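Asker: fold the following and give me the result.
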Amino acid sequence: MSSILVSYQWEWFIIAEISSWLSLLLFGALRYLWQRKNASILFLITFIGMTLFQAVLALVVYRETGEVSPFTIIITIFVLYACTFGISDFRRLDRWMRKKIGQLRGQDLLTPRDREHMRKQRDPRQIRRKDFLVTSVHVLIFLSVQVFFWSQGPVPVSSWGESLRDIGEWFSAGDYEQSPYASETVFAISSVWLIVVVIDVIYSASHLFSLGSRS
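Answerer: The predicted structure is shown next:
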């Protein structure tokens, strides 16, 4: 079974991801459009099951190959998102579906608490707070993953300080053999991710300053 998962890892991942999104859409349609609340729970359970399946798939691939591949990194990011910001995004999607389906049916499916949440989402202070939280979590995840990557590389922990001092040299050289990373793939992923983190921090900071000047 594990060999089948590894051989068709991307196919399994795509199937699981499509199934996850279909499950969310069917959950909302059954729950609010057709008012089948008990049946809708099955699709919510399916969504959770697909997320767990992706985590197990990444673990199986890692154990079978013995290396941190782009596939395992991508799935890890998807699973982390589902377990953190995915929850709040699901609630926002749920409120949006209730609003639209309620308009189609001529009913108000939103509660006073839902309206309060939607109002807060448009509040500049709330936007500023969320931007800071999202960026902070992104940076923490990036740093945590880098610690894991470095721990798998050839450089001992005692020499990490020296590697940090030379970070500009081995990043500009583009040669993973001069870096603390174990492979060229991990080095390339970390390089691109670092650029994304820097852009995220700059964008978040500019957004915070612009909102602060308006308030």
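Asker: other SSEs contacting the longest helix belonging to the chain?
Answerer: Criterion DSSP state H: the longest helix present in the chain is helix 184-214. When contacts are defined as 3 or more CB pairs under 8 Å, 6 or more residues apart in numbering; DSSP states H and E, helix 184-214 packs onto helix 70-83, helix 124-151. Just so you know, the C-beta spots here come from the backbone N, C-alpha and C atoms, and that holds for glycine as well.
Asker: could you redo the last one with a cut-off of 10 Å?
Answerer: Contacts of helix 184-214 with other secondary structure elements, assessed using 3 or more CB pairs under 10 Å, 6 or more residues apart in numbering; DSSP states H and E, are made with helix 70-83, helix 124-151, helix 167-173.
Asker: which one, of the ones you listed, ends up nearest to Ala182?
Answerer: Nearest to Ala182 among the helices and strands packed on helix 184-214 is helix 124-151; the distance by CB to CB comes to 7.3 Å.
Asker: can I assume Arg105 is in contact with Tyr32?
Answerer: Yes. Look at Arg105 against Tyr32 with CB atoms under 10 Å: they come within range, at 8.3 Å.
Asker: between the two, which one's more packed in?
Answerer: Tyr32 (22 against 12; other CB atoms under 10 Å).
Asker: against Ser40, how distant is that one?
Answerer: The spacing between Tyr32 and Ser40, counted by CB to CB, to the nearest Å, is 8 Å.
Asker: next: Ser159.
Answerer: Counting by CB to CB, the gap from Ser159 to Ser40 is 55 Å.
Asker: when those two are compared, which one has more neighbours?
Answerer: Neighbour comparison, Ser159 and Ser40: the larger count goes to Ser40, with 20 against 11 (by other CB under 10 Å).
Asker: after whichever strand or helix holds Phe13, which helix or strand is next?
Answerer: Phe13 is located in helix 9-28, with elements delineated by DSSP states H and E. Elements were assigned by DSSP H and E; along the chain past helix 9-28, the next helix or strand is helix 37-65.
Asker: output the contacting helices and strands for that following helix.
Answerer: In terms of contacts (3+ CB pairs under 10 Å, 6+ apart), helix 37-65 is packed against helix 2-7, helix 9-28, helix 70-83, helix 85-105.
Asker: mean confidence score for that helix?
Answerer: In this model, helix 37-65 carries a mean pLDDT of 88.
Asker: got the angle between that helix and helix 70-83?
Answerer: Orientation note: helix 37-65 sits at an angle of 150 degrees relative to helix 70-83 (axes from the mean of the first three to the mean of the last three CA atoms, to 10 degrees).
Asker: report the residue ranges of every domain in the protein.
Answerer: Annotated domains of the chain cover 1-113, 123-215 [automatic domain parsing].
Asker: and these, which one averages the lowest pLDDT?
Answerer: domain 123-215 has the lowest average pLDDT among the domains of the chain, namely a mean of 80.
Asker: hang on, the earlier thing: pick the most deeply packed of the helices and strands packed on helix 184-214.
Answerer: Taking mean count of other CB atoms under 10 Å as the contact definition, the stretch among those with the greatest mean neighbour count is helix 70-83, which reaches a mean of 17.
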